[in-house]
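Undergrad: the following comprises the amino acid sequence and a computationally predicted model.
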Amino acid sequence: MRKQQKKPFTGKVALVTGGSRGLGAATVRMLAKQGADVAFTYHSSRGLADTVVEDVRTKGSKAVALRSDQADTGGATVLIDEVVAYLGGLDILVNNAAISVEQGRTVDDPDADTAAQDRMHATNYLGVIALTRAAAKVMRNNGRIISISSGLGTLVGLPGLADYSATKSGIERYTAGAARDLGPRGITANVVQAGLMESPTMKPPPEVLEAMVSSLSLKRVADPDEIAAAVVFLASPAASYITGVKLDANGGYNA
């Protein structure tokens, strides 16, 4: 009888932030399909989160959905402790959760909602830093950290995207620094620059979306599974000697 091949993530525990929809949900499902037990966070979509949990369990993996507000940096350690308590450890962290507000508002716009922009900085930047710090303290050797960025982290390209772009650029530099800090433990830290995706949370004004699509080499919006495949590759044993890099999965935005 032919021996069944072991799945690449068997015995691994992953945490994906923002895992109830879009890229996060696609990543959760893909990791589980390849053998990982997965915890993921959600903010308000409990129904969607429950659906993802059931999908993961049908694949034979464990899953747990944890409510979290990433803007509250004080909750990072509590979240990591919950993951370890439920699933017994941590090997993979995918920093996916993020928000986008006030797109199209220039820095001199008198009507800009600066409170909303400050919350975006807290969620996309400070929250990711707090979670990475907390995870690094308990992550097993040879673990993986993957932070989701955007082509806007490298090239703003259009007016009205300064604040969002700044959050992504900051995370890219922080992740590169983490790669240096954690390398002696065999932990890799990389960035995926995700492109425009079919997502209910990513709805820029039509004129902004049209301009962004026209700037791509591939003149289309991505399916979340296409981006998730890049994330899962960096989490896999095949990427064991890749760290401190940006993997562009953004349709040629930087070409």
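TA: Perfect, thanks for sending it.
Undergrad: how about the strands in the stretch 101-250 of the chain?
TA: For the stretch 101-250 of the chain, the strands defined by DSSP state E, counting those that start in this stretch occupy 144-150, 188-194, 246-249.
Undergrad: R46: neighbouring residues, count only.
TA: When neighbours are defined as other C-beta atoms under 10 Å, R46 has 12 of them. In short, each C-beta sits where N, CA and C put it, glycine included.
Undergrad: wait, what's in contact with it?
TA: Going by C-beta atoms under 8 Å, 6 or more residues apart in numbering, R46 touches 65, 67.
Undergrad: can you pull the phi and psi angles for the spatially most central residue of the chain?
TA: The residue lying closest to the centre of the chain (C-alpha atoms, centre = their mean) is N96, at 1.8 Å. Backbone torsions for N96, taken as degrees, to the nearest 10, come to phi -110, psi -30.
Undergrad: list the contacts for it?
TA: Applying C-beta under 8 Å, 6+ apart, the residues near N96 are 16-19, 23-24, 27, 148, 231.
Undergrad: what's the answer for N190, then?
TA: By C-beta under 8 Å, 6+ apart, the contact set of N190 is 144-147, 175, 179, 234, 239, 242-247.
Undergrad: again with I129
TA: 73, 171, 174.
Undergrad: and if you look at V213?
TA: By C-beta under 8 Å, 6+ apart, the contact set of V213 is 196, 219-221.
Undergrad: any idea what V13 is bridged to?
TA: The partner list for V13 in beta bridges (DSSP bridges) reads D37.
Undergrad: what does stretch 217-230 rub up against?
TA: Under C-beta under 8 Å, 6+ apart, the answer for stretch 217-230 is 22-23, 25-27, 29-30, 192, 194-199, 213, 247, 249, 251-253, 255.
Undergrad: buried subset of the residues you listed?
TA: 22-23, 25-27, 29-30, 192, 194-197, 199, 247, 249, 251, 253 (16 or more other C-beta atoms under 10 Å).
Undergrad: and the two most separated of the contacts of V213?
TA: L196 and K219 (10.7 Å; C-beta to C-beta).
Undergrad: what segments of the stretch 51-200 of the chain are helices?
TA: 76-87, 114-121, 127-138, 162-182 (DSSP state H, counting those that start in this stretch).
Undergrad: what's the distance between E226 and D72?
TA: E226 sits 32 Å away from D72, going by C-beta to C-beta, to the nearest Å.
Undergrad: can you give me the end-to-end span of stretch 208-220?
TA: Separation of the first and last residues of stretch 208-220 by C-alpha to C-alpha, to the nearest Å is 14 Å.
Undergrad: residue contacts, V16?
TA: 24, 27-28, 31, 38-41, 94, 96.
Undergrad: where does the stretch 51-200 of the chain have low pLDDT?
TA: For the stretch 51-200 of the chain, the stretches flagged by pLDDT under 70 are 198-200.
Undergrad: repeat that with 80
TA: 103, 151, 157, 196, 198-200 (pLDDT under 80).
Undergrad: can you give me the distance of S240 to N141?
TA: 12 Å.
Undergrad: before we move on, back to that, just curious, which of the contacts of V16 is nearest to T106?
TA: Closest to T106, out of all of those and judged by C-beta to C-beta, is N96, at 27.7 Å.
Undergrad: that closest one and G244, how far apart?
TA: Per C-beta to C-beta, N96 is found 19 Å from G244.
Undergrad: one more: E207?
TA: 36 Å.
Undergrad: same check on K59?
TA: 31 Å.
Undergrad: D50 too?
TA: Distance from D50 to G244, by C-beta to C-beta: 37 Å.
Undergrad: please apply the same query to R144.
TA: From R144 to G244 the distance is 13 Å (C-beta to C-beta).
Undergrad: mind listing the shared neighbours of these two?
TA: 189-190.
Undergrad: show me which of these two is the more surrounded one.
TA: The residue with more neighbours, out of R144 and G244, is R144; 26 against 15, by other C-beta under 10 Å.
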